[in-house]
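Engineer: sequence unavailable; structure follows:
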């Protein structure tokens, strides 16, 4: 059975030959452990695709999550120079702004004074919103301009031709043997990224009707992007809804500002592309809202952060989700993977397999992203233990 078949069966709530395993890796983990340089991984689609495949093979993962958009192949025409400051590469752009490229963390595009620019909510026109990509190379703008484009792109031609380049490259490099997943940000996550978190949460309180108008437009744009990803033949699309847990919003705010928009997104894309699975990534405190997440129509729930990172008691969550959505995650990425050891990893994997593997529908994974400093040997061990103890029949 191929890795792709194994993940497909698990996402279909069926029983594969064994429990599949793969984790979302932080970008800094690729920087530290893959052959391409951090600059190339961040700024070049082909290099990021190479890094994704390299670590999937090294860790014997059954799937790959492509969690950066494709990059402009002519980007370097905008570079003035690249310097090194205190061991960190700094890209100086011709417009005077700059990007720091750390060795182990996501780069950020900074203004002349070293700040990140965010629009004020009063200046945001919902009618010109479509999609907000937090990891575009020049950050977030409103009206939205991709990279160094001089003008905003209209909704009917919003996503540049290169946007899917990494997905296509990964799909080609893996030859159909590995499950390839794309990522979109949920409308609510995009709204928080647009205004920065404090500004967005204040807007929810002060002008909820305008917030809803923004979320409607962002839902339209997210459907557009997810449909393009599905047409590029990904196997699944992860909806990054990181800020929908209890650490940010209440159940009532989730019901008002997350659920209806994710439900429309999921329902529309599932109707258009029934062969593609859609699942939801929400960090932290979701133990009190698994029922609301299921009400969106999601086909899988990702992360399931255990205490103390989150509020999900696995033994309680599995009966709620089993048979209704596939389950992915729950291994503590900090206390078990980053600060743990081989014995802790082995025990954590066996425990999750015991609780969630019976009957299928489980993908073994870290809860949230694997941190940059996690030892590669521990990720390889996760897969070996899954292979050894996760077989069916």
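Structural biologist: Perfect, I can see it now. Treat the numbers as computed from the prediction; the structure is a model and nothing was measured. Residues are numbered from 1 along each chain as shown.
Engineer: which residue ranges of the chain form helices?
Structural biologist: Counting by DSSP state H, one finds helices in the chain at the ranges 3-11, 27-33, 38-43, 45-59, 165-174, 187-195, 197-206, 208-231, 251-257, 259-272, 290-295, 314-321, 342-356, 376-389.
Engineer: deepest in the core, which of the ones you listed is it.
Structural biologist: When neighbours are counted by mean count of other C-beta atoms under 10 Å, the highest per-stretch mean among these falls to helix 187-195, a mean of 25. Heads up, the C-betas are built off the backbone N, CA and C, glycines and all.
Engineer: now do that one: everything it contacts.
Structural biologist: 118-121, 124, 129, 131-132, 134, 140, 142, 185, 200-201, 203, 211, 214-215, 218-219, 222, 240-244, 257-258, 261-262, 265 (C-beta atoms under 8 Å, 6 or more residues apart in numbering).
Engineer: can you rerun that using 6 Å?
Structural biologist: Applying C-beta atoms under 6 Å, 6 or more residues apart in numbering, the set of residues contacting helix 187-195 from outside is 118, 121, 132, 134, 140, 200, 214-215, 218-219, 222, 240-243, 257-258, 261.
Engineer: what does stretch 209-217 give?
Structural biologist: 126, 129, 187, 191, 203-204, 261.
Engineer: which one of the residues you listed is nearest residue 89?
Structural biologist: Sorting the contacts of stretch 209-217 by how near they are to residue 89, with C-beta to C-beta, puts residue 191 at the top with 31.6 Å.
Engineer: now do the closest one against residue 137, distance only.
Structural biologist: In this view, residue 191 and residue 137 are 21 Å apart by C-beta to C-beta, to the nearest Å.
Engineer: again, but for residue 152
Structural biologist: Taken as C-beta to C-beta, the span from residue 152 to residue 137 is 16 Å.
Engineer: neighbour count for those two, which is higher?
Structural biologist: Set side by side, residue 152 and residue 137 show more neighbours around residue 137, with 21 against 15, by other C-beta atoms under 10 Å.
Engineer: was I right about the more buried one contacting residue 147?
Structural biologist: Yes: counting by C-beta atoms under 6 Å, a contact exists between residue 137 and residue 147, whose distance comes to 5.4 Å.
Engineer: any idea how far residue 169 is from residue 7?
Structural biologist: As defined by C-beta to C-beta, residue 169 lies at a distance of 19 Å from residue 7.
Engineer: can you check residue 310 too?
Structural biologist: The span separating residue 310 from residue 7 equals 24 Å under the rule C-beta to C-beta.
Engineer: and for residue 131?
Structural biologist: Between residue 131 and residue 7 the distance is 27 Å, computed by C-beta to C-beta.
Engineer: for residue 24, same thing?
Structural biologist: The value you get for residue 24 to residue 7, if C-beta to C-beta is used, is 14 Å.
Engineer: again with residue 328
Structural biologist: 10 Å.
Engineer: ok, now residue 383?
Structural biologist: When C-beta to C-beta is applied, the distance between residue 383 and residue 7 equals 13 Å.
Engineer: how about residue 268?
Structural biologist: Spatial separation of residue 268 from residue 7 under the definition C-beta to C-beta is 23 Å.
Engineer: with residue 377 instead?
Structural biologist: Per C-beta to C-beta, residue 377 is found 24 Å from residue 7.
Engineer: for residue 220, same thing?
Structural biologist: To residue 7, residue 220 is 29 Å away according to C-beta to C-beta.
Engineer: show me what contacts residue 333?
Structural biologist: 366-368, 370.
Engineer: burial count for the residue nearest to it when sequence neighbours are not counted?
Structural biologist: Distances taken as C-beta to C-beta, 6 or more residues apart in numbering put residue 366 closest to residue 333, at 4.2 Å, once the chain neighbours are dropped. Residue crowding around residue 366 was assessed by other C-beta under 10 Å; the count is 29.
Engineer: partner residues bridging residue 366?
Structural biologist: Judged by DSSP bridges, the bridge partners of residue 366 are residue 331.
Engineer: residues in contact with it?
Structural biologist: Remark: with contacts taken as C-beta under 6 Å, 6+ apart, residue 366 is in contact with 23, 331, 333.
Engineer: for these, give me a markdown table that also has distance to residue 29 and pLDDT.
Structural biologist: Written out in a markdown table, the entries for those read as follows (distance: C-beta to C-beta, whole Å; pLDDT from 0 to 100):
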| residue | distance to residue 29 | pLDDT |
| --- | --- | --- |
| 23 | 9 | 97 |
| 331 | 15 | 97 |
| 333 | 10 | 97 |
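Engineer: just put those residues in CSV and tack on distance to residue 13.
Structural biologist: Listed next are these as CSV, based on distance: C-beta to C-beta, whole Å:
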residue, distance to residue 13
23, 21
331, 21
333, 25
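Engineer: from the residues you listed, which single one is nearest residue 389?
Structural biologist: When the contacts of residue 366 are ranked by distance to residue 389 (C-beta to C-beta), residue 331 comes first, at 13.7 Å.
Engineer: shouldn't the closest one be in contact with residue 348?
Structural biologist: Yes: using C-beta under 6 Å, residue 331 and residue 348 qualify as a contacting pair, with a distance of 5.1 Å.
Engineer: from the contacts of stretch 209-217, which is closest to residue 339?
Structural biologist: Distance to residue 339, by C-beta to C-beta, is smallest for residue 191 among the contacts of stretch 209-217, at 33.6 Å.
Engineer: buried set for stretch 327-337?
Structural biologist: Neighbour-count burial for stretch 327-337 flags 327-334, 336-337 (criterion: 16 or more other C-beta atoms under 10 Å).
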